[in-house]
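*Asks:* What shape does this take:
(one chain, ligands or ions: 1)
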Amino acid sequence: MGSPDPFPERARMLKGCTIYTSGAPCPMCMSAIYWARLDAVYFACDLKATAEIGFSDAYQYEDFKKPLDQRLIPIRQKLPEGAIAYAAWRHKPDKHPY
Ligand SMILES: [Zn+2]
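*Replies:* Model (predicted):
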């Protein structure tokens with residue numbers, strides 16, 4: 001049981017847990033939910049209802065569907081060869097799996 005995980009070898013910090021919220025999770029909360037590997041999310045009000053009371057998170061979900069350079073906040077890759085932290089992480093023998 002639980003959420004499907006494309007990386008089952010990774011930590012499942014909150015495996016077996018479910019979250020109930022008053023509104024559909026914003027992208028930041030949803031990201032935390034994914035990282036924690038919760039089993040399920042239940043919410044009362046959808047993104048449209050949430051926007052109607054002044055919390056507009058739906059546009060972010062829509063923006064994420066666009067290519068990086070077409071988003072409201074353009075995202076561009078710079079200096080990928082400079083990402084020495086990735087190499088250090090890759091070769092770290094005692095790293096915690098995500
Ligand atoms: Zn949130």
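*Asks:* Any figure for the gap between the most centrally placed residue in the chain and Glu52?
*Replies:* Closest to where the C-alpha atoms of the chain average out (CA atoms, centre = their mean) is Ser31, at 2.3 Å. For Ser31, the distance to Glu52 (CB to CB, to the nearest Å) stands at 24 Å. In short, each C-beta sits where N, CA and C put it, glycine included.
*Asks:* what sits up against the lengthiest helix in the chain?
*Replies:* The residue-count maximum for a helix in the chain (DSSP state H) belongs to helix 27-36. Defining contact as CB atoms under 8 Å, 6 or more residues apart in numbering, one finds that helix 27-36 is touched by 13-14, 17, 19, 21, 25, 41, 57, 60-61, 64, 98.
*Asks:* any idea whether Ile19 is helix, strand or coil?
*Replies:* strand (DSSP: H, G, I helix; E, B strand; the rest coil).
*Asks:* That one: neighbour count?
*Replies:* Per other CB atoms under 10 Å, the neighbour tally for Ile19 reads 16.
*Asks:* right, and it touches Leu38 too?
*Replies:* Yes: if you go by CB atoms under 8 Å, Ile19 and Leu38 touch, sitting 5.6 Å apart.
*Asks:* Endpoints of stretch 67-84, how far apart?
*Replies:* Distance between the two ends of stretch 67-84: 26 Å, counting by CA to CA, to the nearest Å.
*Asks:* Pull out the buried residues from that stretch.
*Replies:* Of the residues in stretch 67-84, none count as buried by neighbour count, 16 or more other CB atoms under 10 Å.
*Asks:* contacting residues around that stretch?
*Replies:* 59, 63-64.
*Asks:* Okay, buried residues for the helix or strand bottoming out on mean pLDDT in the chain please.
*Replies:* Least confident helix or strand, the chain: helix 84-90 with a mean of 85, by mean pLDDT, DSSP states H and E. Going by neighbour count (16+ other CB under 10 Å), nothing in helix 84-90 comes out as buried.
*Asks:* Alright, calling it a day.
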